[in-house]
Each structure stands twice: as structure tokens, then as C-alpha cells.
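Enquirer: sequence? don't have it. structure:
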């Protein structure tokens, strides 16, 4: 079973920030938080990951709460091409890379 | 950028056929994976490999086998295709254990 909880769907207006929450209240100290997304008819795409510090790259920002029990993925200026299913995953490198993908959040960016 | 290429986007096979799904990655990654994706069930790991000629069972290996003769290529084999193997199959690779997974665009297999 996935160790994360995400809302099944969210809407966002084009050009606005999209904030996608993830709850991982049972996260262990050595587990990282990863985010992937899957655009329709494509394979999942890696976005970002972090351990306890906030992270930013060219695609998004990841905010992890101090107790690490939840995180938020931020797409600062959502476009129509960001419409996808977003997956939040916790992983510690064990099980030879067997990331468990849950059901994710379907983000719909609307004009 | 890492490129993971799956040989077919769409495939239609008959029940009982032997099916080969091929995957090639161009970044010299150690680890390669095969998943299947079904509506409502998310991604499920079938097999993975962490080195040439090495393989490990994932969560749902029954009815499948794999081959890794070269580092860049990881093949999934359906020994005798059945209708319940109709699915989207995704190949992925990654370098180290905490490195990101890089996925191919998938093969949508239909078994009739």
C-alpha cells in the first residue's frame, strides 16, 4: 500500500500557482519524498525530491513541513501542459528501487 | 537527458502467444524495471534488474519473465499471453538507489 495520501483531484487556473498537498504521516527518518507526474499517454516523469529541506528546480518547488509528515509541491505558474496526474512517493532506497505509486492527484489546469 | 525507449507503443496479441517487450536506455544505468499500470491499481512492479544477467521479482511476477543480457537492454517476456495481461507496460531505469526513475512512454498491450 502507498504510504502517502493525496486528494484525488484539483483544479488550477492557468498562470496561477498550483499547490499539491501530500500527507505522509508515517514517514521514516531515512525516507525521501519524491514527486512524479504522468501526462496522459506518457510514462511518469520525475519532478523533484527532498529529505527535509525545501527544494527548488526548474520545474517546481517542494516544501516539506518541519515534522516531515506532509509536503506540498508547488508549480509556480501552471500552464495547460501541466495537466497531469501527480504522484507523491516516500522512499528510502530499499527494495532495490521499488517505488510504490499510489493513485495520485489529477491536476486540471483550466484557461 | 536520459532516454528510455520502448520498442512499441501499441501491440495486439492473441491468447497463448509468446510476447516480447523491449526496453533500451542510453545512460548506462545499473537498474532497470518493468511495471504494469491498470486503472484503479496504479503502477505495480513486475521485475527489476540491478545488473546484467541479474533479476529480481517484483510484486506481480507470475506469468512473466525477463532478460538482461546487455546493460542497456531489459526485455519483458510473456510466456503465454492471457487476456488478464492486457495492460500498459512501463519500463524505467535509474542509476543509483536514490536517483530518480526515468520512464519510457509505455507499451499498451491488448491480448485478445
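Expert: In hand now; what should we look at? This one's a predicted model, so the numbers in the text were calculated from it and none came from an experiment.

Enquirer: Run a quick neighbour tally on residue B:71.
Expert: Neighbour count for residue B:71, taken as other CB atoms under 10 Å in any protein chain shown: 15. To be clear about C-beta, it is placed using only N, CA and C from the backbone, and glycine gets the same treatment.

Enquirer: no no, residue A:26
Expert: Around residue A:26 there are 10 residues (other CB under 10 Å).

Enquirer: now the residue lying closest to it once chain neighbours are set aside: how far from residue B:59?
Expert: Nearest residue to residue A:26, sequence neighbours excluded (CB to CB, 6 or more residues apart in numbering or on different chains): residue A:3, at 5.8 Å. Taken as CB to CB, to the nearest Å, the spacing of residue A:3 relative to residue B:59 amounts to 15 Å.

Enquirer: who has more neighbours, the two?
Expert: Neighbours per residue (other CB under 10 Å) separate residue A:3 from residue B:59, with residue A:3 holding more: 17 against 14.

Enquirer: from what I can see that one touches residue A:28, true?
Expert: No: using CB atoms under 8 Å as the test, residue A:3 is too far from residue A:28 to be in contact (9.2 Å).

Enquirer: hey, what's in contact with both of those two?
Expert: Counting by CB atoms under 8 Å, 6 or more residues apart in numbering or on different chains, the shared contacts of residue A:3 and residue A:28 are residue A:90.

Enquirer: In contact with residue 31, which residues are there?
Expert: Unless you meant another one, I'm taking chain A. A:24, A:90-92.

Enquirer: that's the wrong chain, I wanted chain B
Expert: By CB under 8 Å, 6+ apart, the residues touching residue B:31 are A:96-97, B:48-50, B:93-97.

Enquirer: try residue B:20
Expert: So residue B:20 contacts B:75-77 (CB under 8 Å, 6+ apart).

Enquirer: Let's see that with 7 Å instead.
Expert: B:75, B:77 (CB atoms under 7 Å, 6 or more residues apart in numbering or on different chains).

Enquirer: where's it, which helix or strand?
Expert: Using DSSP states H and E, residue B:20 maps to strand B:19-25.

Enquirer: So which bits of that strand are buried?
Expert: Neighbour-count burial for strand B:19-25 flags B:19, B:21, B:23-25 (criterion: 16 or more other CB atoms under 10 Å in any protein chain shown).

Enquirer: and which of those residues is nearest residue B:88?
Expert: Proximity of those to residue B:88 (CB to CB) peaks at residue B:21, which lies at 11.0 Å.

Enquirer: Now do the residue lying closest to that closest one once chain neighbours are set aside against residue A:107, distance only.
Expert: Nearest residue to residue B:21, sequence neighbours excluded (CB to CB, 6+ apart): residue B:76, at 4.3 Å. Distance of residue B:76 to residue A:107, given as CB to CB: 30 Å.
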